[in-house]
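Q: okay, here's the prediction I keep looking at, along with the sequence it came from:
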Amino acid sequence: MDLFKLEPGLAIWTWITFGILFFLLAKYVIPMILKNLQDREEYISSSVDRTAQVEARLKEIEGERSEILKKAESEADALLLETRKNGEELKKSLADQARKEAAAILEQAREQASRERQAMLEQLQDDLADFVCEASEKVVGFAFTGDREKEFTRDLVREL
């Protein structure tokens, strides 16, 4: 048995088989792979854009929260200045009332900001869970569309 013996017929058929296989791969398989890669790149790019939008919205909400707190503090200061102008007896009673109102306004503003932030975080978690389901579907090839799978991913995202 000669392993290194050159047989022209076998070499020709090997090259023909290689050429046919190369042609089939180049014509059918490689374009599909390139298209799938391009689709995945577009999907990831759109997901990054959505994430940037969510982050921008979160920054806007933080700014609004700061404005609400500043406004509440300025209102409280205005109430305090107004009470100082009154008489000694009236001054004490109005100062106590103004402090209570300022604290209530500030607490309401904090509660409102906290509720808005929590709602935004929950929305972000839901969006992220949906994104994870979609990405898992692309990677694994199995659709995570059931309520049980979506709830599992939402719980996983909330733990993070």
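A: Thanks, I have it. Residues are numbered from 1 along each chain as shown.

Q: same for the longest helix seen in the chain, what does it pack against?
A: Longest helix in the chain, counting residues (DSSP state H): helix 30-84. Here helix 30-84 touches helix 88-140, going by 3 or more Cβ pairs under 8 Å, 6 or more residues apart in numbering; DSSP states H and E. Backbone N, C-alpha and C define where each C-beta goes, glycine included.

Q: helices or strands next to the helix it packs on in the packing?
A: By 3+ Cβ pairs under 8 Å, 6+ apart, helix 88-140 packs against helix 30-84, helix 147-159.

Q: list the residues that contact the nearest residue to residue 90 once chain neighbours are set aside.
A: In space, and not counting its chain neighbours, residue 90 is closest to residue 83: 7.9 Å by Cβ to Cβ, 6 or more residues apart in numbering. By Cβ atoms under 8 Å, 6 or more residues apart in numbering, the contact set of residue 83 is 90, 91, 94, 95, 97, 98.

Q: distance of residue 83 from residue 23?
A: Per Cβ to Cβ, to the nearest Å, residue 83 is found 91 Å from residue 23.
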